[in-house]
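J.: test case, fold it:
(chains A and B)
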Amino acid sequence: MNIVQESESHGTIQMIGQFWERKDFVLFHEQVQALLEKGVVRIIVDLSRVTFISSQGLGLLVKVFSEVKENKGELLLFKPTGCVGEVIEISGLDLSMKIISSDKELASYTAQEE
Amino acid sequence: MHFAPELVHAISNPACIVGFDLTILQANDSFYTFAGLKKSAVCENGLHLDNCLVLNHPWQDDDLILLPFRKKKPGLQNNVIIRNPGQSAISASIQSIPLIGESGTVEKALLIIRDRESGNYKSEQILKLIDRQEEKLKQLDESSEEVSLSTNQLQMLITKQHKQLIEANQTLQQVKEEMNEELDMAMNVQTSLMPNELPDFTNITISSIYIPAGKVGGDFYDIINTQTQKIAILIFDVSGHGVPAALIGATAKMLFAHYIETLESPATIFSEVNLKLCSFLKTDHYLTAFLGILDPIQNKMVYSRAGHVKPIVYHAKQKKVSTLDARGSFIGHSALAQIAEYREDTIQFAPDDKILFYTDGLTEGNNRNNELYGKDRLMKAVKKFGELPLREVLNKIIEDQNRFRQEVELRDDFTMLCIQIGDSEHLLKESGFTKEDAPNILIIHKLSDIEKVCSLILKAMDNFGFPDKDIKRMKVCIFEMAINAVVHGNRNNSNKKALILYKVLPHMVTISVVDDGDGYDHAALPNPLDNENLLKDHGRGVYIVKTYMDEVHFNKKGNRILVKKFHGKSNTKWK
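T.: You can find the predicted model right below:
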């Protein structure tokens, strides 16, 4: 699992590989905290290159979602694909979190919000 | 013989002897006879002398008087009458000088005679003789110097050689230390080739011990999980000892591991390893081996024996012992390359049976009477201690052999590997499988074990042509079930184990995960889709498994989940 963070007007955390090990959970959480400390209010979690996520990983996304929300921010899940998209849907994350399925949708969403 | 110092002094200082007109004889008992030493004699001129010596033969020129020295003390002035036959006897004083033999005792005396009456001692003949003697002495001195020089050279040579010896010794010591270091490394390499931690199997327990007789030896063993989840138990002993045996052993071990991965017939594996070893072993080394492939569910073992000592089976129920035969040739000896044959046999074990694999260093340990510990004593020990836990069985056997040896040092290293058969019926009952299902069994202790287990199952599914989508979904389910078992069931206690039993058939995959935990009530798990649960950070795993799988079953205790996925069946719970 690699996490690449890009800082623009919003913060993007791009995750690559599998997301189920504790060390990756810690790293991801630290990245989110760092963005929040910088005052970034919109965090985009790019899942387009994530091939596998466990239910613990899903639980962490929900937890982080709540933390960002508490900081009056917003956390978006970007382009979850394959089984990752499926388990997000099966476990109902899409009911509470914003899922962005494409670049176009992201551009549209961010433009609308701004 | 050497000259006494006094002689050397007397001859090199002629003043003490010159002036006497006297021929000096070289006296020798075999050439001259003496009239004898008379106590007293009266000279013709009327002089009365005591202790006279009378010679009864004509004197010759240039002779040196050397008289046998008997009772006279050397160095004393003695009066003798020396008479030349036909001539008048003369009186003279003599100086006797001892000649010392090699034994250190005085053998002869040199008599130097001075005329008492004339007082004129000058004699050209004597001087000539003395000169000649001096010349001889000079030569002797030179020889002595040469000898002395040679002695010095010898001393230098000895010193030099001593120094060289010390240097050689130091080099030897250094080489010895390097060899020891290399032997230590070889030992480490050999040790690292043995299973560091014996693999954890569900249905059998294993214990092993290696007793070295030197730093490196020819004993090797290995426990390998085969591709079909059977357990290969290998033990072998290379002829000879030391580094060559260890090197051949390391090579053989690699070959065995390779063929065990691809073949599951012990006899075939032996044949292949034999051919390979024969093709590149150019020494007279060979190895004996025993290989058993154990099915931990059926408790059956197929085995072959390549000239190795027969393993001993302790039949727990009958409390009896027997041996495993299946005859076969040695491995790796060029003479046997083409003619080696290996038989194969099968044995059915019962729960709690124990099998002792060993190398002949154990039975060939001898006592002070040069009697071997032997197979019979070993079998008696196995029978006597067979009911004890594995490790204790091994320890008791070692104690027994030590007692027998009476502290006689081991001549050969030895290895013991003991396995105990478990109760597969009970295990299967827990898992939800039957013996006829013949599932594969894997063990996990921690999260990092999951990926390997998962890849085995997914690979089997792929081999049967399961759709990629189902394989990916199965991966999610295996992870969820295994994580649940390790994290929630065993509470991350790596001393506890979770069993994963699986069977992949062309039409169906069945997986059972059993943990050591207290279990949970799956029916009481909250629905993650309920509004109040949407933002909870847990409680989704089982729900996902239930959604993906065609069948999900829990045992009553709640520490086992069994799932089934049918090939080609569309999921009614998920799009």
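J.: what about the helices in chain A?
T.: A:22-37, A:55-70, A:82-90, A:103-113 (DSSP state H).
J.: count the residues that sit near B:A252.
T.: By other C-beta atoms under 10 Å in any protein chain shown, the residues close to B:A252 number 25. To be clear about C-beta, it is placed using only N, CA and C from the backbone, and glycine gets the same treatment.
J.: was I right to think it contacts B:D219?
T.: No - shown here, B:A252 and B:D219 do not form a contact pair, counting by C-beta atoms under 8 Å, at 11.6 Å.
J.: chain B contacts on chain A?
T.: Within chain A, the residues that sit near chain B (C-beta under 8 Å from any C-beta of the partner chain) are A:20-22, A:52, A:54-56, A:58-60, A:62-63, A:65-66, A:82-83, A:86-87, A:90-93, A:95-96.
J.: show me how to select, in ChimeraX, the buried members of the residues you listed.
T.: Of those, the buried ones can be selected in ChimeraX as follows, counting by 16 or more other C-beta atoms under 10 Å in any protein chain shown:
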select /A:20,21,52,54,55,56,58,59,60,62,63,65,66,83,86,87,90,91,92,93
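J.: what about chain A, any weak spots by pLDDT?
T.: A:1-9, A:113-114 (pLDDT under 70).
J.: quick one, what contacts the spatially most central residue of it?
T.: Residue closest to the average C-alpha location in chain A (C-alpha atoms, centre = their mean): A:V45, at 2.6 Å. The contact partners of A:V45, by C-beta atoms under 8 Å, 6 or more residues apart in numbering or on different chains, come to A:T12, A:I13, A:M15, A:L61, A:V64, A:L75, A:L76, A:L77, A:F78.
J.: ok, so of those residues, who is nearest B:H308?
T.: A:M15 (54.6 Å; C-beta to C-beta).
J.: count of residues packed around the nearest residue to B:G242 once chain neighbours are set aside?
T.: Closest residue in space to B:G242, ignoring its immediate chain neighbours: B:V216 at 6.0 Å, by C-beta to C-beta, 6 or more residues apart in numbering or on different chains. B:V216 is flanked by 26 other residues according to other C-beta under 10 Å.
J.: B:V216 and B:E182 touch, don't they?
T.: No - between B:V216 and B:E182 there is no contact under C-beta under 8 Å: 9.8 Å.
J.: what do the two both touch?
T.: If you check B:V216 and B:E182 against C-beta under 8 Å, 6+ apart, the residues they both contact are B:V243.
J.: contacts only, for the spatially closest residue to B:G422 that is not a sequence neighbour.
T.: Among residues not flanking B:G422 along the chain, B:N203 sits closest, at 3.9 Å (C-beta to C-beta, 6+ apart). Counting by C-beta under 8 Å, 6+ apart, B:N203 touches B:P296, B:I297, B:N299, B:I421, B:G422, B:D423, B:S424, B:L427, B:I441.
J.: now do the contacts for the last one.
T.: By C-beta under 8 Å, 6+ apart, the contact list for B:I441 reads B:F201, B:T202, B:N203, B:Q229, B:P296, B:I297, B:L427, B:L499, B:I500, B:L501.
J.: for the last one, give the beta-bridge partners.
T.: Taking DSSP bridges, one obtains B:I441, B:S512 as the residues bridged to B:L501.
J.: what's the helix or strand for B:S304?
T.: strand B:300-306 (DSSP states H and E).
J.: could you list the low-pLDDT ranges of the stretch 1-150 of chain B?
T.: B:1-138, B:140-141, B:144-149.
J.: helix, strand, or coil at the residue of it found nearest chain A?
T.: Distances between the stretch 1-150 of chain B and chain A by C-beta to the nearest C-beta are smallest at B:S150, namely 83.1 Å. What DSSP: H, G, I helix; E, B strand; the rest coil gives for B:S150 is helix.
J.: thinking again about what came up before, which neighbours do B:A252 and B:D219 have in common?
T.: B:F236, B:V238.
J.: and the angle for the strand ranked longest in chain A with helix A:82-90?
T.: Taking DSSP state E as the criterion, chain A has its longest strand at strand A:42-53. On the basis of axes from the mean of the first three to the mean of the last three C-alpha atoms, to 10 degrees, strand A:42-53 is oriented at 110 degrees to helix A:82-90.
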